[in-house]
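Participant: no FASTA, just this:
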Ligand SMILES: Nc1ncnc2c1ncn2[C@@H]1O[C@H](COP(=O)(O)OP(=O)(O)OP(=O)(O)O)[C@@H](O)[C@H]1O
Ligand SMILES: [Mg+2]
């Protein structure tokens, strides 16, 4: 579905003299500074895959997505989306993709979204019956009912984002690019949006590429992740695999009856390590956090040993967060 | 054809919004009429002092004015978005969304806005034209009426072409609006008989920024003593050529578009 080979993008940042004269002068001759945003990346994505494209701020995620959607022309390399080269055949590519850019609106600012959807129907040449069916379903899943009569201008961020999502899927695109679709939203709206994306993927086998800084999005939507850093791909593979590789590290927080003179029980000593978590830092002095590798010892064993040695009031087990994994890769490499 | 129908859909969607804000609509139209009326009033005051301007009578000048206003209204109503392409779309990266739609991005930008105030311009233009015509002894045939329509459309096209050309600069500079506005001011000169200006200015308004073809030359086609009746017939050609050049330049701008970081 998507084929990316040795893709690179440099931005030419024009340096010019200030003022109008400088601007006019720069039309004819200018000095450039080059900024390498994406560097020699390659990957393939199959139909129906949902891929998380993640990385730190400025890693090159949005730049990649803009090249895939035909907004930007690559400096070098090849992109094919469903066999079409997006930047050469922009209009043809446009009719088979959908996009949400979290920071922007795809809808018409002043026009009630119902009208906006009708305009999009004409722009994408969606048959009327299909359009009605889809709009009905979207209205239902995204709870757009009360919003249809008002323009984006008057919507809250969460309302707007739901409206945007519907707009992106209205023409049943083969590929959808979602650049931070959950940015700034509350948990309930995030849930709804994730459910919607999964539903569309299930029904239509829509291929989804998602960038986000919210690892929950990734865990709930994607089965594959591509991690990019400094314009280069760090990791490309199953989410599960990287979780297993890096995600064996577990932490359990114990709330003890009293903790004066705490030492790690002898049976655990070699395999478990005491860490300082934010709880102790916050002054809950009866808390102890133990960190261990899941491959060496199970959580059950740790808990059982601890219960023999101390009186435990409460305990919580930290879930494996991909956020931590990504941070580890950033800091230590693969 | 598809674009025409699509434009219709854009147009009606916006008309509905306009009708919701009827007061805005009326105020907008009224203020444009007022502005235009003051400039006509100025011409009237001038002609109260003199009999003719370089051989052109008051109603002949009014005729030129009428063509300029009507032509300008085409631009004003349908192509108003060209003005603000820079800060409204390009500078902030909003332009991205036009590039991921299966229609021509320039068409999309233009269709995205219908400027209601332009209807005031159209009204004043037609009033001026009709007033002038009723005082001029032009013999109207079907051919001449058609010619007038072609001339007015060409005048509008020249306005569009010039604005498009300079608005395209936004792809390279932060905001071209000051330049676009500056250039547009030049059109004010073109509402008078060009013969009153020096050779340089006349050349500028004919060959560089062809605003002469928005009013004076097209009007000359109907005024026998103008001495420009044959040049006047070039108007549609100039309109087509300027649009072509502007669109070519726009294409270059499009390729230079680099979006924004966020
Ligand atoms: N239009 C542009 N012109 C010049 N430089 C740009 C432009 N867009 C992005 N950059 C630069 O390219 C690099 C990659 O930016 P990009 O927007 O792709 O990052 P990102 O991964 O999407 O980051 P974020 O998570 O913050 O959205 C950054 O260093 C940025 O400064
Ligand atoms: Mg980004």
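Facilitator: Noted; the coordinates are in hand. The structure presented is a predicted model; accordingly, all values stated were derived computationally and were not measured. Ligands and ions are numbered 1, 2, ... in the order given.
Participant: okay, now the residue in the stretch 151-262 of chain B that ligand 1 sits nearest to: neighbour count?
Facilitator: Per CB to the nearest ligand atom, residue B:261 is where the stretch 151-262 of chain B lies closest to ligand 1, at 3.5 Å. C-beta: built from backbone N, CA, C; applies to glycine. Residues within reach of residue B:261, counting by other CB atoms under 10 Å in any protein chain shown, total 12.
Participant: just confirm it is within a helix.
Facilitator: No. Residue B:261 is assigned coil when assessed by DSSP: H, G, I helix; E, B strand; the rest coil, not a helix.
Participant: pull the contacting residues for it.
Facilitator: Residue B:261 sits next to A:58, A:62 when contact means CB atoms under 8 Å, 6 or more residues apart in numbering or on different chains.
Participant: and what of residue A:107?
Facilitator: Taking CB under 8 Å, 6+ apart as the test, what residue A:107 contacts is A:113, A:116, A:152, A:160, A:163, A:164, A:167.
Participant: same thing with residue B:165?
Facilitator: B:242, B:245, B:246, B:249, B:250.
Participant: now the second one: how far from residue A:299?
Facilitator: Distance, residue B:245 to residue A:299, using CB to CB, to the nearest Å: 73 Å.
Participant: what does the last one give?
Facilitator: Separation of residue B:250 from residue A:299 (CB to CB): 64 Å.
Participant: hmm, back to that, of the contacts of residue A:107, buried ones?
Facilitator: For the contacts of residue A:107, a burial check counting by 16 or more other CB atoms under 10 Å in any protein chain shown picks out A:113, A:116, A:152, A:160, A:163, A:164, A:167.
Participant: what sits closest to the fifth one if chain neighbours are left out?
Facilitator: Closest residue in space to residue A:163, ignoring its immediate chain neighbours: residue A:113 at 5.0 Å, by CB to CB, 6 or more residues apart in numbering or on different chains.
Participant: shouldn't that neighbour be in contact with residue A:154?
Facilitator: No. Counting by CB atoms under 8 Å, no contact exists between residue A:113 and residue A:154, whose distance comes to 10.2 Å.
Participant: surely residue B:177 is in contact with residue B:84?
Facilitator: Yes. Using CB under 8 Å as the test, residue B:177 is close enough to residue B:84 to be in contact (6.7 Å).
Participant: that older thread, between residue B:250 and residue A:299, who's got more neighbours?
Facilitator: residue B:250 (20 against 15).
Participant: check for me that that one belongs to a helix.
Facilitator: Yes. Counting by three-state DSSP, residue B:250 is part of a helix.
Participant: which residues are in contact with it?
Facilitator: B:106, B:164, B:165, B:168.
Participant: try 10 Å this time
Facilitator: The contact partners of residue B:250, taken as CB atoms under 10 Å, 6 or more residues apart in numbering or on different chains, are B:82, B:85, B:105, B:106, B:109, B:164, B:165, B:167, B:168, B:171.
Participant: same check, this time on residue A:40
Facilitator: Going by CB under 10 Å, 6+ apart, residue A:40 touches A:5, A:6, A:7, A:8, A:76, A:77, A:231, A:232, A:233.
Participant: what's the spacing between the third one and residue A:51?
Facilitator: Residue A:7 sits 15 Å away from residue A:51 when distances are taken as CB to CB.
Participant: what's the answer for the second one, then?
Facilitator: Using CB to CB, one gets 19 Å for the distance from residue A:6 to residue A:51.
Participant: coming back round to it: select only the buried ones of the contacts of residue B:165 in ChimeraX?
Facilitator: To isolate the buried ones among the contacts of residue B:165 in ChimeraX, judged by 16+ other CB under 10 Å, type:
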select /B:242,246,249,250
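Participant: so for residue A:113 and residue A:154, which residues contact both of them?
Facilitator: A:147, A:160.
Participant: let me see the contact set for the most centrally placed residue in chain A.
Facilitator: For chain A, residue A:212 is the residue whose C-alpha lies nearest the centre (CA atoms, centre = their mean; 2.4 Å). By CB under 10 Å, 6+ apart, the contact list for residue A:212 reads A:52-54, A:61, A:102, A:178-183, A:190, A:218, A:221-222.
Participant: could you please name the strands the helix or strand that contains residue A:177 pairs with and the direction of each pair?
Facilitator: Taking DSSP states H and E as the criterion, residue A:177 maps to strand A:175-179. Sheet pairing of strand A:175-179 (DSSP bridges) gives strand A:97-101 (parallel), strand A:207-211 (parallel).
Participant: am I right that residue A:71 sits in a strand?
Facilitator: No. Residue A:71 is assigned coil when assessed by three-state DSSP, not a strand.
Participant: verify the contact between it and residue A:86 for me.
Facilitator: Yes. Using CB atoms under 10 Å, residue A:71 makes contact with residue A:86 at a distance of 8.4 Å.
Participant: same for the helix or strand of chain B with the lowest mean pLDDT, what does it pack against?
Facilitator: Every helix and strand in chain B was compared by mean pLDDT, DSSP states H and E; the lowest is helix B:22-49, with a mean of 80. Under the contact criterion of 3 or more CB pairs under 10 Å, 6 or more residues apart in numbering or on different chains; DSSP states H and E, helix B:22-49 touches helix B:2-20, helix B:58-78, helix B:118-135.
Participant: would you mind giving me the confidence score for the residue of the stretch 1-150 of chain B found nearest ligand 1?
Facilitator: Going by CB to the nearest ligand atom, ligand 1 is nearest to residue B:93 of the stretch 1-150 of chain B, at 7.2 Å. At residue B:93, the predicted lDDT confidence score is 87.
Participant: can you check the one 4 residues further on too?
Facilitator: pLDDT, the model's per-residue confidence, is 91 for residue B:97.
Participant: and it, its phi and psi?
Facilitator: phi -70, psi -30 (degrees, to the nearest 10).
Participant: cool, the one 4 residues further on as well?
Facilitator: With angles defined as degrees, to the nearest 10, residue B:101 shows backbone torsions of phi -110, psi 140.
Participant: next one: residue A:151
Facilitator: On the backbone of residue A:151 - angles per degrees, to the nearest 10 - the values are phi -80, psi 160.
Participant: then the one 10 residues further on?
Facilitator: For residue A:161, the backbone dihedrals are phi -60, psi -40 (criterion: degrees, to the nearest 10).
Participant: for residue A:10, same thing?
Facilitator: phi -110, psi 140.
Participant: mind checking the SS state of the closest residue in space to residue B:148 that isn't next to it in sequence?
Facilitator: Closest residue to residue B:148 apart from its sequence neighbours, by CB to CB, 6+ apart: residue B:222 at 7.2 Å. Using three-state DSSP, the secondary structure recorded for residue B:222 is coil.
Participant: tally of neighbours for residue B:222?
Facilitator: 22.
Participant: and it, what does it touch?
Facilitator: B:60, B:63, B:67, B:132-133, B:136, B:138-140, B:144, B:147-148, B:151, B:229, B:232.
Participant: run through the residues of the stretch 1-150 of chain B sitting next to chain A.
Facilitator: Applying CB under 10 Å from any CB of the partner chain, we find that the stretch 1-150 of chain B lies next to chain A at B:2, B:5-6, B:8-10, B:12-14, B:16-18, B:20-21, B:92-105, B:108, B:111-113.
Participant: okay, now the unreliable bits of the chain?
Facilitator: Let's take chain A. Residues of chain A meeting the criterion pLDDT under 70: A:14, A:16-17, A:22-23, A:25-30, A:246-247, A:259, A:277-285, A:319-324, A:330-334.
Participant: wrong chain, I was asking about chain B
Facilitator: For chain B, residues meeting the criterion pLDDT under 70 lie at B:262.
Participant: name the residues of it found near ligand 1, please.
Facilitator: Residues of chain B lying close to ligand 1 by CB under 6 Å from any ligand atom are B:258, B:259, B:260, B:261, B:262.
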